[in-house]
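Trainee: Attaching a predicted model along with its sequence, questions to come.
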Amino acid sequence: MNRPWLLPLLLFAAVFFVYLVSPMATPFDSRWTVHTALSLIHRHDADLNEYEPLLARDRFYAIECIQPGGARLYPVKQAGACAGGHLYHFYPAAVPILVSPLLAALETGLHLAQPFLAPIASKLPPGFRRSLLEGDLVAASMPAELILASIVVALAAVVVFLLARSLAGWRAAFFIALVFAFATPAWSTGSRALWMHGFSMLLLPAALWAMLRQRWAAAGALLALAFFCRPTNVVPLAFAALWALWQGRAQALRFAAGAVPVAAVFVAINFACYGSPLAPFFFVKRAGTASLGLHPRIGEALLGNLVSPSRGIFVFSPVFLFSLAGIWRWLRARETHLLGFYLAAVCTAHYLLMCGYEDWFGGHSYGPRYMSDLSSLLTLA
């Protein structure tokens, strides 16, 4: 093609538009992501103390308190329980950190457009749409999440296209990107709110693209970032490190050189907030919430994550059945056996990890949310 940038741009625009006009949004666990990002933008910290009345209204859902002496209180049950301490969103700070530039751009754009938007907003009844047009992103956190999540997953579709194009022709790559965008949890989960899963869908194929192009430092940085967005991404991080080590000492050192600075930044942030290298969400055993282990329902989880009518990944995205054949084909071919091993190992280990989680079904959700992080990798297979 004479304009190689045109097709990815059109793909992004089409996917983003469909996501944006889709009516369903699911800002549940992610409900304080926009607030945390706004706190980072305007107050340069990640705590939510300035929003305590809003937190109290929602009964401090997904809020933890780090008390003045460093002790952690979770769950927070009432206003005033965190006197002198810091209130934080329970979920990883990497997500609001990454969306902060996008949110700042959205906020600035809405502010500059007020001469045009304010008359339109005045004709609307009070609600999310009016608040958004007025530039009040606190009151309009739900549509703000929808906009930002749609951008993230539309970018993931472009990365899937670019990676698939390096393995096949552009027509096949475009089809694969559309399958990812509209026949997987990318649409139903990743784009509906600022969950952690959307960033897994974006960062994992980007890292794989870097690995296949022998850019190990970039792969290390991307996978370290993916881990701090969602701790289950320790699985692709670990297997990528083994792949780099298999390639040679120089590649392993480059991988580490990319991963270590990213990890150092987030470790420093965690020490500043929690006094430990990892946030409480990242620990296997966690007080007040579900943990990993050989729980009594693991047999149910092993089947449910695959074929449950409400959670099974092969029920909601049967196209992934073809992915199993694709991984097997890559394993058998000498030129792609490392890629096949990586995909097989990551998908299997992630599946077993999710089955070992007590809350394997993903709470009050519908669809394979906990398996959705693999959507881009499975589509590529």
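Mentor: Sure thing, it's come through.
Trainee: can you pull the buried residues of the helix or strand hosting A252?
Mentor: Using DSSP states H and E, the element containing A252 is helix 249-274. If you call a residue buried by 16 or more other Cβ atoms under 10 Å, then helix 249-274 has these buried ones: 251-252, 254-256, 258-259, 262-263, 266, 269-270, 273-274. Where you see a C-beta, it was placed from the backbone N, CA and C, and this is true even at glycine.
Trainee: Among these, which one sits closest to R72?
Mentor: Y274 (7.5 Å; Cβ to Cβ).
Trainee: quick one on the thing from earlier: how far does the helix holding A252 sit from its chain's centre?
Mentor: What separates the centre of helix 249-274 from the centre of its chain is 19 Å, taken as Cα atoms, centre = their mean, to the nearest Å.
Trainee: likewise stretch 277-287?
Mentor: Chain-centre distance of stretch 277-287: 18 Å, with Cα atoms, centre = their mean.
Trainee: Count the neighbours of L11 for me.
Mentor: By other Cβ atoms under 10 Å, 21 other residues sit near L11.
Trainee: now the one 3 residues further on
Mentor: The number of residues packed near A14 is 14, by other Cβ under 10 Å.
Trainee: residue contacts, Y366?
Mentor: Counting by Cβ atoms under 8 Å, 6 or more residues apart in numbering, Y366 makes contact with S310.
Trainee: Against P185, how distant is it?
Mentor: The gap separating Y366 from P185 is 11 Å, by Cβ to Cβ, to the nearest Å.
Trainee: quick one, helices of the stretch 101-250 of the chain?
Mentor: In the stretch 101-250 of the chain, the helices defined using DSSP state H, counting those that start in this stretch lie at 114-122, 128-133, 141-167, 170-182, 185, 197-212, 216-229, 234-247, 249-274.
Trainee: Give me the neighbour count for A105.
Mentor: Neighbours of A105 (other Cβ under 10 Å): 12.
Trainee: Distance of it relative to N270?
Mentor: Taken as Cβ to Cβ, the span from A105 to N270 is 27 Å.
Trainee: before we move on, back to that, counting contacts, what elements does the helix holding A252 pack onto?
Mentor: Judged by 3 or more Cβ pairs under 8 Å, 6 or more residues apart in numbering; DSSP states H and E, helix 249-274 is in contact with helix 216-229, helix 234-247.
Trainee: of all these, which lies closest to V307?
Mentor: helix 234-247 (21.8 Å).
Trainee: Surely S308 touches V315?
Mentor: Yes: the pair S308 / V315 is scored as a contact, 6.8 Å apart, by Cβ atoms under 8 Å.
Trainee: Would you reformat the helices and strands packed on helix 249-274 as a markdown table and include distance to S22 and mean neighbour count?
Mentor: Converted to a markdown table, those look like this (distance: least, Cβ to Cβ, whole Å; neighbours: other Cβ atoms under 10 Å):
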| stretch | distance to S22 | mean neighbour count |
| --- | --- | --- |
| helix 216-229 | 23 | 25 |
| helix 234-247 | 28 | 19 |
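Trainee: can you tell me which of those comes nearest to A177?
Mentor: Of the helices and strands packed on helix 249-274, nearest to A177 by Cβ to Cβ is helix 216-229, at 18.9 Å.
Trainee: Which elements pack onto the closest one?
Mentor: So helix 216-229, by 3+ Cβ pairs under 8 Å, 6+ apart, packs with helix 94-112, helix 197-212, helix 234-247, helix 249-274.
Trainee: Between helix 197-212 and that helix, find me the angle.
Mentor: 160 degrees (axes from the mean of the first three to the mean of the last three Cα atoms, to 10 degrees).
Trainee: tell me the mean pLDDT for helix 216-229?
Mentor: For helix 216-229, mean pLDDT rounds to 98.
Trainee: What of stretch 335-352?
Mentor: 95.
Trainee: can you check stretch 316-331 too?
Mentor: Stretch 316-331 carries an average pLDDT of 94.
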